[in-house]
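Student: Pasted the sequence and its predicted model underneath.
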Amino acid sequence: MRVGEQGRMVIPAEVRKELGIEVGTELIATIENARLVLETRAAILARLQSQFSQVSESMADELLAERKSQSLQAVAITTDKSWANVSNIQTQIIR
């Protein structure tokens, strides 16, 4: 492939056919390890879903649990209670 005037490139027909790229297909351009990578939105979505498919816990649930723990620690500090009491409070809230 060669870069023409105004930075345009022509993707060879056999490559377009193999990748399902048709007239009007939107490609996202990124640079990875000094390489130009062109991907469709569908390909990016599939790649990301594959990467995160092994995540067992919802990131939102994990964040909420972390924030709840931080709030309980703050309550313990402001009410001058020990961490053991906070753990008891956590256990009661989880139930």
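Tutor: That came in fine, so what should we check first? No experiment lies behind these values; they were computed from the predicted model shown.
Student: So this protein: which segments form each domain?
Tutor: 5-52, 59-94 (automatic domain parsing).
Student: Any idea which of these has the lowest pLDDT on average?
Tutor: Mean pLDDT is lowest for domain 59-94 out of the domains of the chain, coming in at a mean of 72.
Student: Include mean neighbour count when you put the domains of the chain into JSON lines, please.
Tutor: Heads up, the C-betas are built off the backbone N, CA and C, glycines and all. JSON lines is the format used below for the domains of the chain (neighbours: other C-beta atoms under 10 Å):
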{"stretch": "domain 5-52", "mean neighbour count": "10"}
{"stretch": "domain 59-94", "mean neighbour count": "11"}
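Student: which residues sit against stretch 34-53?
Tutor: Here stretch 34-53 makes contact (C-beta atoms under 8 Å, 6 or more residues apart in numbering) with 11, 19, 20, 21, 25, 26, 27, 28, 29, 30, 31.
Student: Quick check: the gap between the fifth one and residue 40.
Tutor: The gap separating residue 25 from residue 40 is 6 Å, by C-beta to C-beta, to the nearest Å.
Student: just the helices in the chain please.
Tutor: For the chain, helices defined by DSSP state H occupy the ranges 13-19, 41-52, 59-78, 83-94.
Student: Distance of residue 38 relative to residue 58?
Tutor: As judged by C-beta to C-beta, residue 38 and residue 58 stand 32 Å apart.
Student: ah, wrong one, I meant residue 28
Tutor: Residue 28 is 27 Å from residue 58, where distance means C-beta to C-beta.
Student: again with residue 33
Tutor: Going from residue 33 to residue 58 by C-beta to C-beta gives 32 Å.
Student: next one: residue 19
Tutor: Separation of residue 19 from residue 58 (C-beta to C-beta) stands at 33 Å.
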